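S.K.: Give the three-dimensional model of this entry:
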Amino acid sequence: MSDRDLEQLGINVIRGLAMDAPQRANSGHPGTAMALAPLAHVLWTRVMNYDASDPDWPDRDRFVLSCGHACILLYSMLYLTGYGLELEDLEHFRKLHSRTPGHPEVHHLPGIEVTTGPLGQGFANGVGLGMAERILRSRYGSELTDHHTFVVCSDGDLMEGISHEAASLAGHLALGRLIYVYDDNHITIDGPTEIALTDDAALRFGAYGWHVEHLGEVANDTDALEAGLRRAMAEEERPSLLILRSHIGYPAPHMTDSPKAHGSPLGTEEIRATKDILGLPPDEEFHVPAEVLEMYRAAGRRGASRQAEWQKRLGDYGGDRAAWDASWAQTGKSGWQNHLPSWKAGESVATRNSVKAALNAILPDVPALVSGGADLTGNTGTKLDDEPLQSYEQPGGRAIAYGVREHGMGGAMNGMALHGGVIPIGGTFFTFSDYMRGSVRLAALSEAKVIYFWTHDSVGLGEDGPTHQPIEQLAAVRAIPGLRVIRPADANESAHALRVAVERDGPTALILSRQDLPVLEGTAELGVNLERGAYILVEGADDPDVVLIGTGSEVSVCVAAAGLLDQQGITARVVSMPSWDLFDEQDDDYQDAVLGPGAPVLAVEAATSFGWARWADDSVSIDHFGASGPGQEVLDAFGFTPENVAARAAMLLDSIEGYDDDFDEEDDQ
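M.R.: The predicted model follows:
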């Protein structure tokens, strides 16, 4: 068999797997994978630089399948090239507990770089991957970082708004080494794309500053595909979009160019007919001849020598090896925590400003950190004092101007974090976290180490009014599994919140105030307990009459309310609870010790009451939208005053039938 014939057989085998796995699962998307089999073959055998035996090699090329519904294509290539998948894994496609779920999930399989599926997300992730590569190449040199990012995207990706945001950002940043292949197959689930899409993608991306090339009808021409990819790889100053006219479901006799090939198995008869055309055994499922497997396994081994050469260069590296190691561990150099600032009780500072001071203080010793905001760096605490903006002219810049692109920012941050070597911080007003929620959710699912500075965290932001005042956002982000949410009470807690975000894996959201907050007595010493989610700030007594829980700006209100209650002969314990998530990690003994031996609990938080029933008997909350006016006046009007909190605590005590100072948990039961 000639090399050409073997290549064609390999492509046909990929198409066979793309049909068989969804058919066995009775679920899946075979058509795109069939059409793009030649492209996948070219990428994995001719173009991409990777070592299947070391999927985490830092200088590998990255591949992103933004149209994640076509994941059987990616799974087939990971099996064929030797990433550790077995044919049995493809046979269990989309089955419960299989290694091949319905969309690619990072950490689920070696060789998957980012979690894709929600359209447009992978597109934005690719931009972040490219940003991370350029930053690291600039800082540590091309001998350690010198690779490309390849992204396959679909019409659905380009329709989603996040792709517009990310594409605009990538063009502005002049990100070379980004190669996107747009699978222009003219088909959506509802029918031809023309029923909803008449954009000229080439003109649009050209306007964004991309290198754009119409490849045309070359989806089955491996040489033309390779040539187009290599032309794009030569672009150092512009991201590239290669527009490929493919035919979904090719070469199925009745399903080519059919919407039915998009999201449904082809059926046994159509598969048999297609396998006849491809020269595959029509009655054999998951057919992979030995010579085809060896061809792809050889391609998977080919990068081992390059990886070994890279390891030698790393060993000989004469630069700041401690910074390199800290970057790739996504942590700080030894002792970095010692540089965190602290504040004295009685000072007054907004937590958005104190966290900015903390960020700039640790920046030299946490080299992975990069920081920026959605046009709000000065307002969100994400501004770096002495760092240039990331750009083509300043490729190592650690400050990033995302522009008003919250969703694109979130998607790019995920890409940077999952690339490795970078810890991205991104900020916006808390109410606008809604715009980036899809990316935040995937950060949590992907365990991406990203840090959000969400500021202007309550009605205390003032005159901008209800459109800008977050009410339900705290409950919404707390509901995301795996997202660590911290709302610090003052400057000292904010520094510890940043420490926790850098020390821990996964995403962390810091919910920060616009208005100045008093630095509280005790937080300089006790704030270290923020990592436990809640702690006793004002003891009151071993057996208090009532427990006041505050978060963020309301902790100081609770402290003042406790003083008023003491004048009435009521002993109040004040608990600062900056993080439900961290407190939930603690054992029952610690939680019981903090919340008290059965005393009634009143929570105070300038947000919706949703969820507080878990921790408190009642809450001073806002279950309605806010109002426009000076921040403190709005807070006062909605009851966030020491007087009202003290009155509500007294009412809570009065409402408990049979309450007396001596009751304990057993009596309460």
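
S.K.: show me where pLDDT drops low in this structure?
M.R.: 657-669 (pLDDT under 70).

S.K.: Work out which residue lies at the spatial centre of it.
M.R.: Centroid check for the chain by CA atoms, centre = their mean gives residue 443 as the closest residue, at 2.4 Å.

S.K.: for it, what are its contacts?
M.R.: 410, 413, 414, 417, 450, 483, 507 (CB atoms under 8 Å, 6 or more residues apart in numbering). All C-beta atoms are positioned from the backbone trio N, CA, C, and that covers glycine.

S.K.: Let's verify it: helix, strand, or coil?
M.R.: With DSSP: H, G, I helix; E, B strand; the rest coil as the basis, the three-state label of residue 443 is helix.

S.K.: same question, residue 603
M.R.: Per three-state DSSP, residue 603 ends up strand.

S.K.: Ok, residue 452 next?
M.R.: Judged by three-state DSSP, the three-state class of residue 452 is strand.

S.K.: Let me know the distance separating the spatially closest residue to it that is not a sequence neighbour from residue 611.
M.R.: Nearest non-adjacent residue to residue 452, counting by CB to CB, 6 or more residues apart in numbering: residue 509, 4.3 Å away. Separation of residue 509 from residue 611 (CB to CB, to the nearest Å): 15 Å.

S.K.: So residue 371 lies in a helix, does it not?
M.R.: No. Counting by three-state DSSP, residue 371 is not part of a helix but strand.

S.K.: and it, how many residues sit next to it?
M.R.: 25 (other CB atoms under 10 Å).

S.K.: which residues sit in contact with the residue lying closest to it once chain neighbours are set aside?
M.R.: Nearest residue to residue 371, sequence neighbours excluded (CB to CB, 6+ apart): residue 425, at 4.0 Å. When contacts are counted by CB under 8 Å, 6+ apart, residue 425 touches 359, 369, 370, 371, 372, 382, 450, 451, 452, 453.

S.K.: how about JSON lines for those, with distance to residue 624 added?
M.R.: Shown next, in JSON lines, are the contacts of residue 425 (distance: CB to CB, whole Å):
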{"residue": "359", "distance to residue 624": "34"}
{"residue": "369", "distance to residue 624": "38"}
{"residue": "370", "distance to residue 624": "38"}
{"residue": "371", "distance to residue 624": "35"}
{"residue": "372", "distance to residue 624": "34"}
{"residue": "382", "distance to residue 624": "30"}
{"residue": "450", "distance to residue 624": "32"}
{"residue": "451", "distance to residue 624": "31"}
{"residue": "452", "distance to residue 624": "26"}
{"residue": "453", "distance to residue 624": "27"}
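
S.K.: Out of those, flag the one nearest to residue 114.
M.R.: residue 450 (12.4 Å; CB to CB).

S.K.: for the longest helix along the chain, which positions count as buried?
M.R.: Using DSSP state H, we find that the single longest helix of the chain is helix 3-25. By neighbour count with 16 or more other CB atoms under 10 Å, helix 3-25 contains the buried residues 7-25.

S.K.: got it, and stretch 208-215?
M.R.: 208, 209, 210, 211, 212, 214, 215.

S.K.: Thought residue 227 was touching the last one, still the case?
M.R.: No. Contact status for residue 215 versus residue 227: not in contact, 9.1 Å apart, counting by CB atoms under 8 Å.

S.K.: Mind jotting down where the strands sit in the stretch 151-300 of the chain?
M.R.: Using DSSP state E, counting those that start in this stretch, the strands found in the stretch 151-300 of the chain span residues 178-184, 187-188, 191-192, 211-216, 240-245.

S.K.: nope, the stretch 351-500 of the chain is what I meant
M.R.: Going by DSSP E, counting those that start in this stretch, the stretch 351-500 of the chain shows strands at 369-373, 399-401, 423-429, 451-455, 484-486.

S.K.: Relative to residue 114, which of the buried residues of stretch 208-215 is nearest.
M.R.: For these, the nearest to residue 114 is residue 210 (20.4 Å; CB to CB).

S.K.: residues contacting that closest one?
M.R.: By CB under 8 Å, 6+ apart, the residues touching residue 210 are 167, 170, 171, 238, 239, 240, 241.

S.K.: By neighbour count, which of these wins?
M.R.: Neighbour max across the contacts of residue 210 (other CB under 10 Å) = residue 239, 30 neighbours.

S.K.: Please verify my assumption that that residue contacts residue 211.
M.R.: Yes. Counting by CB under 8 Å, residue 211 is a contact partner of residue 239 at 7.1 Å.

S.K.: between the contacts of residue 443, which is nearest residue 89?
M.R.: residue 414 (25.3 Å).

S.K.: How about that closest one: what's its closest non-neighbour residue?
M.R.: Leaving aside its chain neighbours, residue 414 sits nearest to residue 448 (4.8 Å; criterion: CB to CB, 6+ apart).

S.K.: The one you found touches residue 420, doesn't it?
M.R.: No. Using CB under 8 Å, residue 448 and residue 420 do not qualify as a contacting pair, with a distance of 10.5 Å.

S.K.: who's more crowded, those two?
M.R.: residue 448 (29 against 18).

S.K.: and the gap between the more buried one and residue 101?
M.R.: 18 Å.

S.K.: before we move on, what about residue 617?
M.R.: On the measure of CB to CB, residue 617 and residue 101 end up 42 Å apart.
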